[in-house]
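Asks: Provide a 3D model corresponding to the input given below.
(one chain, ligands or ions: 1)
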Amino acid sequence: MAPVEAPAAQAVNVPLPMAAHFIVLNITPGDEAEDTVKAFFGNTAALIRSVERRIPEEQLSMVVGIGSPAWDRLFGAPRPAGLHEFQPLRGDKHFAPSTPGDLLLHIRAKSERMCFEMAMQCMNALGDAVVAVDEVHGFRYFEARAMIGFVDGVENPDGQDALASTLVGDEDPRFKEGSYVIVQKYLHDMKAWNATATDEQERVIGRSKQGNIEMAEDVKPTNSHSSLNVIEDAEGNQLSIVRANLPFANAARNEYGTYFIGYARDPAITEQMLINMFIGRPPGNYDRLLDFSTAVTGTLFFVPSATLLAALGDGNPFAPGAAPASGSVPTAPVAAPVSSGTLPIGSLKGQPQWSQAPSASGPAPDASN
Ligand code: HEM
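Replies: Residues are numbered from 1 along each chain as shown. Next comes the predicted model:
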């Protein structure tokens, strides 16, 4: 196994942004496209730094995810243990489709302009090697409320708990500090939702709307969104993911939605939540939020550590016979905590500026998220 030591995570855990671009791409056929995408991975950290440094206070960050078919095509074995295509879910009433996606770019910043600049630079770099599948621009609504008017992200773990919930550990050592992300674009029937009385909406979510207080267990309906998304392991420990959802809208087209994006150390946790929502717990007792929300996309990606992402520029460093790729696999990483936002990456192929101390793929995690 080639030495990828002390990997540092991508900017999975960052403060709640004001804006985000969620971009899903497919890789076009041919070797040239594959080479371009690999070169993009090798250069991602430098590209982020180039844009981020222009206005650091904008807290630009970007996470790059790789879909299962794309991983096989570009890198083959070995592969991240939990990486597979998103499985569609058909409940009695609601359906969660699985839709294609080779690459995910999750760009976050304090302003739309930074997201745009980062997206444009990525697309310039990727060129004809990719085709767009979907692009959604999310914004932080008042008081971090979802499109449906309830504060979103409240029960997210934070600090060390967020890192432990989202980053792969020793269970898959080659892919340590990686993460799994599931995205789903939901469209809301706002007419029906707005016609629903507030106390009924509160029973749908399981919290009060104005004050954002969780309902007592004995009054919270079992088909409320928050009931069905509380899951535990066999020992009774709660299993968490970190959600970075944002609302999006195109008012003239009467399109109002939530872009769900959930990071997890193990995608099975998010998948269990989705089973509870769509199939129901017990089956049939599905999430009432779905009566007002339709999932129109669904894709799963692996998010390599920033260190591995850079190394992937030279191919799979763990492949049998892969030579330790000089210049792209760090052998003497800087000892920086994952949460510092500093990427301990050595030099990158074609990026000699990385011999200077790299700064950021994003800001440090924040308890407010
Ligand atoms: C229609 C899209 C969605 C909307 C508008 C939405 C909105 C919300 C809101 C308002 C809350 C309560 C406050 C909070 O803790 O964040 C919540 C909680 C939560 N949601 Fe969602 N959500 C959506 C989809 C999903 C999906 C697809 C999942 C999982 C796959 C999910 C997982 C969770 C979890 C784990 C909680 C916290 C439950 C708790 O600990 O009380 N949500 N969501």
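Asks: next secondary structure element downstream of the helix or strand hosting residue 72?
Replies: Using DSSP states H and E, residue 72 sits in helix 68-74. Toward the C-terminal end, the helix or strand that comes next after helix 68-74 (DSSP H and E) is strand 89-90.
Asks: average pLDDT for that next one, rounded please.
Replies: For strand 89-90, the mean pLDDT works out to 98.
Asks: near the ligand, which residues of the protein are found?
Replies: Contact residues, the chain versus the ligand (CB under 6 Å from any ligand atom): 146, 148, 150-155, 184, 186, 205, 207, 225-226, 229-230, 243, 258, 260, 262, 270, 273-274, 289, 293. Where C-beta positions appear, they are placed from N, C-alpha and C, glycine not excepted.
Asks: inside helices: which ones of those residues?
Replies: 205, 225, 226, 270, 273, 274 (DSSP state H).
Asks: how many neighbours does the first one have?
Replies: Residue 205 has 26 neighbours, counted by other CB atoms under 10 Å.
Asks: quick one, what contacts it?
Replies: Residues counted as contacts of residue 205 (CB atoms under 8 Å, 6 or more residues apart in numbering) are 148, 150, 224, 225, 226, 289.
Asks: can you say which two of the ones in helices among the residues of the chain next to the ligand are spatially most distant?
Replies: 205 and 270 (18.7 Å; CB to CB).
Asks: is residue 261 in a bridge, and if so with what?
Replies: residue 183 (DSSP bridges).
Asks: isn't it right up against residue 245?
Replies: Yes - counting by CB atoms under 8 Å, residue 245 is a contact partner of residue 261 at 6.2 Å.
Asks: which one of those two has more residues nearby?
Replies: residue 261 (25 against 21).
Asks: the more buried one and residue 104, how far apart?
Replies: 9 Å (CB to CB, to the nearest Å).
Asks: need the overlap of contacts for those two.
Replies: By CB under 8 Å, 6+ apart, residue 261 and residue 104 have these common neighbours: 22, 181, 183.
Asks: for the second one, give its distance to the ligand.
Replies: Spatial separation of residue 181 from the ligand under the definition CB to the nearest ligand atom, to the nearest Å is 11 Å.
Asks: pretty sure that residue is in a strand, no?
Replies: Yes - under DSSP: H, G, I helix; E, B strand; the rest coil, residue 181 falls within a strand.
Asks: residue 259 is in contact with that one, correct?
Replies: No - counting by CB under 8 Å, residue 181 does not reach residue 259; the two are 11.9 Å apart.
Asks: re earlier: PyMOL command to pick out the buried ones of the shared contacts of residue 261 and residue 104?
Replies: Entered in PyMOL, the line below selects the buried ones among the shared contacts of residue 261 and residue 104, by 16 or more other CB atoms under 10 Å:
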select buried, resi 22+181+183
